[in-house]
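*Asks:* Take a look and give me a structure for this.
(one chain, ligands or ions: 1)
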Amino acid sequence: MHRDTLIVHAGYRRRGEPGPFLAGPQFSSTYTTPGDPADHALTYGRFHNPTWTAWEEALGVLEGGQAVSFASGMAAVAAAFGVTLRRGDVLVLPADSYYAIRRLAATWLESIGVDVRLVPTRGDQAAALEGARLLWLETPSNPLLDVCDIRALAEQARARGALVAVDNTTATAYLQQPLELGATLVVSSDTKALTGHSDLLLGHVATRDEALAAALRTWRTHHGAIPGPMEVWLAHRSLPTLPLRLSRQCASAARLAEFLASRVDVSAVHYPGLPQHPAHATARRQMRAFGTLVSFDLGTRARAEAFLRALTLVREATSFGGVHSIAERRARWGGDAIGEGFVRFSVGCEAAEDVIEDVRQALDAAGAQ
Ligand SMILES: *Cc1c(COP(=O)(O)O)cnc(C)c1O
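*Replies:* A predicted model of the protein is given here:
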């Protein structure tokens, strides 16, 4: 069956099963459990919840593995680090990975004696693998949208006895399946395009390794980074439209990238779908489409701010992947090796011509300051 069809039905009740297609969120901290707890499937809300179970079944279909849902992307990242790294281990981490992940590695992981080696997504990860326990990849990276070859790096890591984790947030499991490409773990912030409505935070980790899946569930139970049933239900409610949303958003992002690349007043357009992107061939091999994010440089802070002020449809906000187009001057947060005029643009589900027209008039209004 076509993958899009499988996603529309993933984790929903099967044809012929009575009741709603998707059961409502189950709100319960505790369950009636007389006698021996082992006699009861459901006991306490930090251990399990039927709303999570249905969502994780769906995520398993998307990832091709077992999935464990967490309260946010960072909770999922912390769990993936927590179940794989011990004192004395070496972590190879992208120097251009999501800023909060680098901060977590530099504070918590360094403090427990993990050695963190930073290598850019476009760098030579293989050279840093000697003695490594975990190779962490983020492709396309946020916000520079650099791409690395998951299959080739997973092979090199396996040959050296290292595990591979891929932060798949910018692509989502719809566009890219790291477990199929040889990764041990895939981590995702489901706050972004996977759920796509800018109304919740969630994350997940997926793996084909039974022992790691069990360790992730135990980590969640002990650390308490559990997802709320309402968030999980909203996420599952939005999953059947994932193929539709991303098809539209990726097609529009590709058109916007082409438009930006044609403007003489825009430098350095980053989009893996552009033939001039340095890793376009790799992206074409491992991604189904090139994502919802386009980044570009307007040179100066003043010009980027004038551009954002002049937009009339596109909102100025952080995050990405949602049905509403948003943009932000990324350097306002600090922590990334980008210029003051660098704009990260997330393309939504509006008609592409309206998004492009808004960008055109805002670029014209921003002028050449
Ligand atoms: C947003 C993001 C995260 C963190 O996810 P939250 O849901 O905000 O905790 C991790 N990695 C990447 C690449 C992200 O963009």
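*Asks:* Where does pLDDT dip in this structure?
*Replies:* 368-369 (pLDDT under 70).
*Asks:* Enumerate the residues of this protein near the ligand.
*Replies:* 72-74, 77, 98, 138, 142, 167, 169-170, 189, 191-192, 201, 203 (Cβ under 6 Å from any ligand atom). Where C-beta positions appear, they are placed from N, C-alpha and C, glycine not excepted.
*Asks:* closest to residue 212 among those?
*Replies:* Closest approach to residue 212 among the residues of the chain next to the ligand (Cβ to Cβ): residue 77, at 14.7 Å.
*Asks:* what about the closest one, which SS state?
*Replies:* helix (DSSP: H, G, I helix; E, B strand; the rest coil).
*Asks:* who are the neighbours in contact with it?
*Replies:* 100-101, 104, 167, 187, 203 (Cβ atoms under 8 Å, 6 or more residues apart in numbering).
*Asks:* Helices along the stretch 51-200 of the chain, start to end?
*Replies:* 73-84, 99-104, 110-111, 150-159, 172-175 (DSSP state H, counting those that start in this stretch).
*Asks:* so which of those comes closest to residue 9?
*Replies:* helix 172-175 (14.6 Å).
*Asks:* Could you dump the helices of the stretch 51-200 of the chain into a markdown table and include distance to residue 230?
*Replies:* A markdown table is the format used below for the helices of the stretch 51-200 of the chain (distance: least, Cβ to Cβ, whole Å):
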| stretch | distance to residue 230 |
| --- | --- |
| helix 73-84 | 16 |
| helix 99-104 | 24 |
| helix 110-111 | 34 |
| helix 150-159 | 34 |
| helix 172-175 | 22 |
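*Asks:* neighbours around residue 323, how many?
*Replies:* 17 (other Cβ atoms under 10 Å).
*Asks:* no no, residue 53
*Replies:* Neighbour tally, residue 53, other Cβ under 10 Å: 14.
*Asks:* who wins for proximity to residue 122 among the helices of the stretch 51-200 of the chain?
*Replies:* Closest among the helices of the stretch 51-200 of the chain, using Cβ to Cβ: helix 150-159, at 12.3 Å.
*Asks:* quick one: contacts for residue 43?
*Replies:* So, once contact is read as Cβ under 8 Å, 6+ apart, residue 43 ends up touching 30-31, 33, 37.
*Asks:* repeat that for 10 Å
*Replies:* By Cβ atoms under 10 Å, 6 or more residues apart in numbering, residue 43 lies in contact with 30-33, 37.
*Asks:* Make CSV out of those and add neighbour count and secondary structure.
*Replies:* Putting the contacts of residue 43 into CSV (neighbours: other Cβ atoms under 10 Å; DSSP: H, G, I helix; E, B strand; the rest coil) gives the following:
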residue, neighbour count, secondary structure
30, 10, strand
31, 15, coil
32, 8, coil
33, 14, coil
37, 11, helix
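*Asks:* which residues touch residue 207?
*Replies:* 63, 65-68, 80, 83, 163, 165, 179, 183-187, 213, 215-216.
*Asks:* would you list every one of the strands in the stretch 1-150 of the chain?
*Replies:* For the stretch 1-150 of the chain, the strands defined by DSSP state E, counting those that start in this stretch occupy 66-70, 90-94, 115-119, 134-138.
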